[in-house]
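Please work out how this folds:
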Amino acid sequence: MKRVLVLLAALAALAAPVAAVAHPLGNFTTNRYSEISASGDRLFVLYVLDLAEIPTVQARGELRRLGRDRYGSELAARLARRVSLSVDGEARPLRPLRHRLAFPPGVGGLVTTRLEVVYDAGSIPEEAAGIAYTDGNFSGRLGWREIVIRSDAGARIADSTVPDDTVSERLRVYPKDSLESPLEVTRARASVEPGDGAPVVPAFGAAANAPVRVAPRVDSGFASLISRDDVGPGIYLLSLAVAMFWGAAHAFSPGHGKSIVGAYLVGSRSRPRHAFLLGGIVTVTHTLGVFALGLVTLALSEFIVPDELYPWLNLVAALLVVAVGVAVLRVRILDWFRRGPRREQGHRHSHEPHGHEHEGHGHDHAHPHEHEHPHEHEHPHDHGHGGHSHVPEPGSGLRGIVAVGVSGGLLPCPTALVVLLAAIQLHRVAYGMLLIVAFSVGLAAVITGIGLLAMSSRRVFRRMSFNGPVVRALPAVSAFVILGLGLVMTVRSIPKLL
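You can find the predicted model right below:
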């Protein structure tokens, strides 16, 4: 009994999500904050850069090469070159006064990056002047973009297009209601007048190493497995079981083609082995996708940005689903034309023995009627095949199953990528790879279960009294569902590429 309790306690400890370290906006994000401060008769800009775990991993090589102090200085100068500040149309250069670089803890043993820089933008004209600010850093990257214009020491701000206070506490506390649609402000304008007080240089504020506050995240429990120090043989096995659990939990989040899998297997003549095959394809595709994206992140970061790959992967998965939907719908249409609506209703085979008279010989004979004798019948007869078609169903082939499985596993879970990168950094590569495989197996198990449930529902329909119309409609309905979902996925993925 004691061993069982210890095992349960270990499982609970491993499965418990570790909140308060995962970046709330995602592991790929590059977040920026600009605070233009009119203080007395001078202008200052406080710029904050917050890099999540994966961009930090990508910058690790440059950090090692330059060293911490030089890396911070060069990054501050690089940021200033992509920022435009003008006063009455006259461009103002930004001169770094001081900076602070820190690496707050992230998820899975990784760290994030926080750089704070104060720039001097020169004096404010004696008369009211218009200021215009544009942040061109990291354009096209995922993340939060916020601009604030404020004043103190007697200076006055009017007609500002942005607020005078931060809603994210300078990228330290992101509002929960904005996590799905991060703030995206890159331009600001205002009118400014100088004040009589002594200029005050903006202060950095709270400790730089304080982690960004986050809402609890479901997937952080999986990422925490790789960073645990108390790893023995028993814990290894428990960790793999927990990784499968988190993979299964992740499968219930939006995506991974659950509706498509159900519609495809309901509308085709698939068997249970097809559901298991589909789950295996999802496992392999997702695992290879994580490994490939990890290679891109580490080896090709100068040429390919991982977060820019996700919209393209979304589009590829959507087009695969559209192709499957078109192929299934084509088979349904061809099947309908071959049989025709009258043949479908009238061509029913009842293989019951029956007696009938043939012209020219007056005896009755009862035999299973198989249509292999040459005489003709003057009477109507009924053939009951349960409504099956002689046209091969697409579910009986591999191409449709492969396409549906690849579309379900093509998008790697960002947390799985974090686990891989953390495993490399902690020199636990084999352990990290096993965790990712286990995670993918858990993900695929849910997809397989949905497929089996879909096929069971199809058999239930066949046993019901309205067997004929419902079962005959399922293949056509499933084809339209697959095609419709693929088109919706395509429409949603295209704007992210623009």
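
Sketch out the low-pLDDT regions of the stretch 301-450 of the chain for me.
301-308, 310, 331-332, 335-397 (pLDDT under 70).

from memory residue 197 sits against residue 42, does it?
No - using CB atoms under 8 Å as the test, residue 197 is too far from residue 42 to be in contact (10.6 Å). (C-beta placed from N, C-alpha, C; glycine too.)

The two - which one has more neighbours?
Comparing residue 197 with residue 42 by other CB atoms under 10 Å, the one with more neighbours is residue 42, at 20 against 13.

What's the separation between that one and residue 98?
15 Å (CB to CB, to the nearest Å).

Share the number of residues neighbouring residue 141, please.
For residue 141, using other CB under 10 Å, the count is 17.

contacting residues for the residue lying closest to it once chain neighbours are set aside?
Nearest residue to residue 141 in three dimensions, chain neighbours excluded: residue 30, at 4.4 Å (CB to CB, 6 or more residues apart in numbering). Residues in contact with residue 30 (CB atoms under 8 Å, 6 or more residues apart in numbering) are 49, 50, 51, 52, 55, 138, 141, 142, 143.

Repeat the analysis, applying 6 Å as the threshold.
51, 55, 138, 141, 143 (CB atoms under 6 Å, 6 or more residues apart in numbering).

Out of those residues, which one has the lowest pLDDT?
Among the contacts of residue 30, residue 141 has the lowest pLDDT, at 85.

Can I take it that that one is in a strand?
No - counting by DSSP: H, G, I helix; E, B strand; the rest coil, residue 141 falls outside a strand, being coil.

And it, how close does it get to residue 444?
31 Å.

repeat for residue 118
From residue 118 to residue 444 the distance is 51 Å (CB to CB).

Ok, residue 247 next?
Distance from residue 247 to residue 444, counting by CB to CB: 8 Å.

Pick the one among the contacts of residue 30 closest to residue 239.
Closest to residue 239 out of these is residue 55 (27.1 Å), distances taken as CB to CB.

Export the helix or strand harbouring the closest one to PDB, keeping only CA atoms.
Using DSSP states H and E, residue 55 sits in helix 53-58. What follows is helix 53-58, C-alpha atoms only, in PDB (Å, rounded to 0.1, in the frame of the first residue of the first chain):
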ATOM      1  CA  GLU A  53      12.500  31.200 -24.500                       C
ATOM      2  CA  ILE A  54      13.000  30.300 -28.200                       C
ATOM      3  CA  PRO A  55      14.300  33.700 -29.400                       C
ATOM      4  CA  THR A  56      16.600  33.600 -26.400                       C
ATOM      5  CA  VAL A  57      18.000  30.200 -27.500                       C
ATOM      6  CA  GLN A  58      18.500  31.600 -31.000                       C
END
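
tell me what it is packed against?
The contact analysis (3 or more CB pairs under 6 Å, 6 or more residues apart in numbering; DSSP states H and E) places helix 53-58 against no helix or strand.

hmm, who's touching that helix?
27, 28, 30, 106, 110, 111, 112, 113, 301, 418, 421.

hey, where'd the strands end up in the stretch 151-300 of the chain?
Applying DSSP state E, counting those that start in this stretch to the stretch 151-300 of the chain gives strands spanning 156-158, 187-193.

and these, which is most packed in?
Per residue and on average, the most neighbours among those fall to strand 187-193, with a mean of 18 (mean count of other CB atoms under 10 Å).

Now do the same for residue 456: its pLDDT.
pLDDT at residue 456 comes out at 74.

Residue 117 now?
The model's pLDDT for residue 117 equals 97.

That one pairs with what?
Beta-bridge partners for residue 117, by DSSP bridges, are residue 47, residue 99.

need the contact list for it.
Applying CB under 6 Å, 6+ apart, the residues near residue 117 are 47, 76, 96, 99.

try it again with 7 Å
47, 76, 79, 96, 99 (CB atoms under 7 Å, 6 or more residues apart in numbering).

Which element, helix or strand, includes the third one?
Spelled out, that is residue 79. helix 68-81.

Then the fourth one?
For residue 96, the host element (DSSP H and E) is strand 95-102.

Give me the contacts around that strand.
68, 72-73, 76-77, 80, 114-120, 201, 204, 208-209.

among the contacts of helix 53-58, who's most crowded?
Busiest of these [other CB under 10 Å] is residue 418, holding 31 neighbours.

In the helix or strand in which that one is found, which residues are buried?
Take DSSP H and E as the rule and residue 418 turns out to sit in helix 414-425. Neighbour counts over helix 414-425 (16 or more other CB atoms under 10 Å) mark 414, 415, 416, 417, 418, 419, 420, 421, 422, 423, 425 as buried.

would you put the C-alpha positions of it in CSV?
C-alpha atoms of helix 414-425 as CSV (Å, rounded to 0.1, in the frame of the first residue of the first chain):
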residue,chain,number,x,y,z
PRO,A,414,5.6,24.8,-29.2
THR,A,415,6.1,23.3,-25.7
ALA,A,416,7.5,20.1,-27.2
LEU,A,417,10.0,22.3,-29.0
VAL,A,418,10.9,23.9,-25.7
VAL,A,419,11.5,20.5,-24.2
LEU,A,420,13.9,19.6,-27.1
LEU,A,421,15.8,22.8,-26.8
ALA,A,422,16.0,22.5,-23.0
ALA,A,423,17.2,18.9,-23.3
ILE,A,424,20.0,20.0,-25.6
GLN,A,425,21.0,22.8,-23.2
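
what comes up buried for the helix or strand just after it?
Sequence order places helix 429-463 as the next helix or strand after helix 414-425, per DSSP H and E. Neighbour-count burial for helix 429-463, counted by 16+ other CB under 10 Å, picks out 431-452, 454-455, 458.

Output the contacting helices and strands for helix 429-463.
helix 233-251, helix 258-267, helix 272-299, helix 414-425, helix 467-493 (3 or more CB pairs under 7 Å, 6 or more residues apart in numbering; DSSP states H and E).

do that again at 10 Å, thanks
helix 220-224, helix 233-251, helix 258-267, helix 272-299, helix 398-409, helix 414-425, helix 467-493 (3 or more CB pairs under 10 Å, 6 or more residues apart in numbering; DSSP states H and E).

what would the ones you listed look like in a markdown table with distance to residue 168?
As requested, the helices and strands packed on helix 429-463 are arranged in a markdown table below (distance: least, CB to CB, whole Å):
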| stretch | distance to residue 168 |
| --- | --- |
| helix 220-224 | 20 |
| helix 233-251 | 27 |
| helix 258-267 | 34 |
| helix 272-299 | 26 |
| helix 398-409 | 34 |
| helix 414-425 | 21 |
| helix 467-493 | 27 |
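
between those helices, which gets the lowest average pLDDT?
Looking at the helices and strands packed on helix 429-463, the bottom one is helix 258-267 with a mean of 57.

and the closest residue to residue 48 other than its chain neighbours, how many neighbours?
Closest residue to residue 48 apart from its sequence neighbours, by CB to CB, 6+ apart: residue 33 at 4.1 Å. For residue 33, the count of nearby residues is 24 (other CB under 10 Å).

just the angle between the helix or strand containing residue 33 and helix 68-81, please?
Residue 33 is part of strand 30-39, with elements assigned from DSSP H and E. With axes from the mean of the first three to the mean of the last three CA atoms, to 10 degrees applied, the angle from strand 30-39 to helix 68-81 works out at 70 degrees.

Flag every buried residue along strand 30-39.
For strand 30-39, by 16+ other CB under 10 Å, it's 30, 31, 32, 33, 34, 35, 36, 37, 38, 39.

try stretch 194-209
Under 16+ other CB under 10 Å, the buried positions of stretch 194-209 are 194, 195, 199, 202, 204.

Is it correct that the second one is in contact with residue 43?
No - here residue 195 does not reach residue 43: they are 11.7 Å apart, not a contact under CB atoms under 10 Å.
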